[in-house]
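Asker: Pasting the sequence and the predicted coordinates here, then a few questions.
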Amino acid sequence: MDYDTLSTSEIDGVGVITLDRPEVMNALNKQMRAELTHALADIGSRVRVLVLTGAGRAFCSGQDLGDGGNATQIDLERTLREEYEPMLRAIYDAPVPVIAAVNGSAAGAGANLALAADVVIASESASFIQAFTRIGLIPDAGGTWFLPRQIGFARAMGTMLFADRITARQAEDWGMIWEAVPDTAFLLHWQQRARALADGPTVAYRNIRRALRKSLANTLDEQLKLEAQLQAEAGKTRDFREGVLAFLEKRTAQFEGR
């Protein structure tokens, strides 16, 4: 399918979705939200890893305040529930790992769009800004859920109240993102990371994501039970048999994702 606000590619199990409104720093308008929700579900059903990145000098500057007329007249609750929530769920519930390759500024809802991914890889020149209080709003797009879990309550509170710019290196140090990479190496690096996941054991990856997310609310007993259930599922896959055989034969495993 062709999109007006996105560009996409699928190569050897790696699906790449690029936010493609560089003239407005990839700000999220109504059309982009709908197209991104569709693309994540459509491409995610065919590939083994998804990458979300941005065109131009920004990853995503957040809500397009010029979309649909007077921004102060927008029904914010309806927009969040009917347009943002499905988009974020499409990332969070994707059947394969999702990498956010943050190539530049990620501000407001754009920052939280990135944080919804399983892994965030950022260029050193990238930054993250919870910019909402600058226009009299609270963080949304899942930010109040993601950030406290990633960087702790105190840092999440300060980041949101002061709306400070957090550099990629600082975000890495805080545990907000997985890694910050020199700009000159950024493109090749995230491509290699995506390739590694695409070549890996898909069922194991899916179950890791499920286990970690449940762990945030589970008791130890509940988590041990869940681990046993998910491990039993992974142990029935061809990937497990291939992994063991490859280990014994001292060769690289050739996983099939099942």
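Answerer: Sure thing, it's come through.
Asker: got a list of what residue 231 touches?
Answerer: With contacts taken as CB atoms under 8 Å, 6 or more residues apart in numbering, residue 231 has the following neighbours: residue 207. No exception for glycine: its C-beta is placed from N, CA and C like everyone else's.
Asker: so it, which of the three states?
Answerer: helix (DSSP: H, G, I helix; E, B strand; the rest coil).
Asker: Show me the helices in this structure, by range?
Answerer: Counting by DSSP state H, the chain has these helices, from start to end: 30-44, 76-79, 85-92, 109-115, 143-151, 153-162, 168-174, 183-198, 202-215, 220-235, 238-248.
Asker: would you list these in a markdown table and tack on mean pLDDT and distance to residue 21?
Answerer: Formatted as a markdown table, those follow (pLDDT from 0 to 100; distance: least, CB to CB, whole Å):
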| stretch | mean pLDDT | distance to residue 21 |
| --- | --- | --- |
| helix 30-44 | 97 | 7 |
| helix 76-79 | 93 | 18 |
| helix 85-92 | 96 | 15 |
| helix 109-115 | 97 | 11 |
| helix 143-151 | 96 | 21 |
| helix 153-162 | 97 | 26 |
| helix 168-174 | 98 | 22 |
| helix 183-198 | 97 | 20 |
| helix 202-215 | 96 | 29 |
| helix 220-235 | 96 | 39 |
| helix 238-248 | 95 | 38 |
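Asker: Let me see the domain layout of this structure.
Answerer: The chain breaks down by automatic domain parsing into domains covering 6-198, 202-248.
Asker: Point out the most buried one among the ones you listed.
Answerer: With neighbours defined as mean count of other CB atoms under 10 Å, these peak in mean count at domain 6-198, which reaches a mean of 19.
Asker: Mind putting the helices of the chain into JSON lines with distance to residue 5?
Answerer: As requested, the helices of the chain are arranged in JSON lines below (distance: least, CB to CB, whole Å):
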{"stretch": "helix 30-44", "distance to residue 5": "4"}
{"stretch": "helix 76-79", "distance to residue 5": "16"}
{"stretch": "helix 85-92", "distance to residue 5": "12"}
{"stretch": "helix 109-115", "distance to residue 5": "13"}
{"stretch": "helix 143-151", "distance to residue 5": "22"}
{"stretch": "helix 153-162", "distance to residue 5": "28"}
{"stretch": "helix 168-174", "distance to residue 5": "25"}
{"stretch": "helix 183-198", "distance to residue 5": "21"}
{"stretch": "helix 202-215", "distance to residue 5": "27"}
{"stretch": "helix 220-235", "distance to residue 5": "37"}
{"stretch": "helix 238-248", "distance to residue 5": "36"}
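Asker: Of these, which is nearest residue 65?
Answerer: helix 109-115 (11.1 Å; CB to CB).
Asker: Show me what that closest one is packed up against.
Answerer: Packed against helix 109-115 by the contact rule (3 or more CB pairs under 8 Å, 6 or more residues apart in numbering; DSSP states H and E) you find strand 58-60, helix 85-92, strand 98-102, strand 127-129, helix 143-151.
Asker: so for the fourth one, what's the average pLDDT?
Answerer: Looking at strand 127-129 alone, the average pLDDT works out to 98.
Asker: thinking again about what came up before, which stretch among the helices of the chain comes nearest residue 51?
Answerer: helix 183-198 (5.1 Å).
Asker: Report all helices and strands that that closest one contacts.
Answerer: Taking 3+ CB pairs under 8 Å, 6+ apart as contact, the helices and strands that helix 183-198 lies on are strand 14-19, strand 49-54, strand 98-102, strand 119-123.
Asker: can you list contacts of that helix?
Answerer: Residues lying outside helix 183-198 but in contact with it, judged by CB under 8 Å, 6+ apart, are 12-14, 16, 47-49, 51, 53, 96-97, 99, 101, 103, 119, 121, 123-125, 181, 205.
Asker: Quickly list what the closest residue to residue 117 other than its chain neighbours is bridged to.
Answerer: Once flanking residues are discounted, residue 117 sits nearest to residue 100: 3.7 Å by CB to CB, 6 or more residues apart in numbering. Note on residue 100: beta-bridge partners residue 52, residue 120, judged by DSSP bridges.
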